[in-house]
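# Take this sequence and fold it.
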Amino acid sequence: MGLPSLSACLQLFRVALHLAWGGLQTALVFPFADIGRRDRMKQRWSRELLNLLRIEIDAADPALESLEGGLLVANHVSFIDIFVINALLPSGFVAKSDVATWPLIGWLSRHNETVFIERGSRKAAHQTQKHMLDVLERGRRLTLFPEGTTTLGTSVLPFHGALFQSAVDAAVPVHALVIRYVDANGMASTAPAYIGDTSLLDCLLNILGSGGVRARLQLAESFLPPSAERRQLAHRSHQAIASRLQRYLCREIS
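Reported below is the predicted structural model:
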């Protein structure tokens, strides 16, 4: 990739300032704010970040308005997915432990109801489950990307079922969500894809150089408690998301 344009550099600088502003809000306001105010702040901040990146939330699904609590599961394209979901459904997230080490973003994650997946032992897995259960039993929304990695957004990888156990134990709904990114013509866009050797900077420049991206978040299906066994729940969620995604893609091609 060549050197970024002056316009892109200025926009990246504005994004960096916005991240820093989010850090200040988290440090100075969050400790004294109730849950409702925190959610409103996260929602507003996420929408402003998407605006800086020239990502428009397109045709939000009215069904999302009724999703008060439970486990949200979605296909995973980019770190941008987090801000798209927070812009519509302020939520805690389940993330890989290495996210906690990212500059600034890691700090923000640690102070925004993020449950980090600690790998390497049964004890670590048990702690992750416990933390997820604590969040869900408080009636909070918690978002999980069960593929465990990102894709181009044109297919859905198999889901890991273990972390669905927390929803079963807490007896909360599981809401299967479809995340898509499209260009100005309504065709699938891979600009936000954060895969392979793509760096954070490359991803941001791809988005800024794309001519505009629209993000679409839609409910595929909800599974209400008492839920099925975790593997079956993961399989049904995967089917709901994959089939809905394929219908959208076929509609775009035809």
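
# Do I have it right that residue 80 meets residue 217?
No. The pair residue 80 and residue 217 does not pass the contact test of C-beta atoms under 8 Å, sitting 11.4 Å apart. Bear in mind the C-beta positions are built from the backbone N, C-alpha and C, glycine included.

# Measure how buried residue 20 is and give me the count.
Look at residue 20: counted by other C-beta atoms under 10 Å, it has 11 neighbours.

# Which residue, neighbours along the chain excluded, lies closest to the residue positioned nearest the centre of the chain?
Taking C-alpha atoms, centre = their mean, the centroid of the chain lies closest to residue 82, which sits 2.9 Å from it. In this structure, residue 82 finds its nearest non-sequential neighbour in residue 93, 6.0 Å apart by C-beta to C-beta, 6 or more residues apart in numbering.

# Is the one you found bridged to anything, and to what?
Note on residue 93: beta-bridge partners residue 143, judged by DSSP bridges.

# Please name the residues that touch it.
Going by C-beta atoms under 8 Å, 6 or more residues apart in numbering, residue 93 touches 82, 109, 112, 113, 114, 115, 142, 143, 144.

# now with 10 Å?
Contact analysis of residue 93 by C-beta atoms under 10 Å, 6 or more residues apart in numbering lists 72, 81-82, 85-86, 99, 109, 112-116, 135, 141-145.

# distance of it from residue 107?
14 Å (C-beta to C-beta, to the nearest Å).

# for residue 37, same thing?
Relative to residue 107, residue 37 is positioned 20 Å away (C-beta to C-beta).
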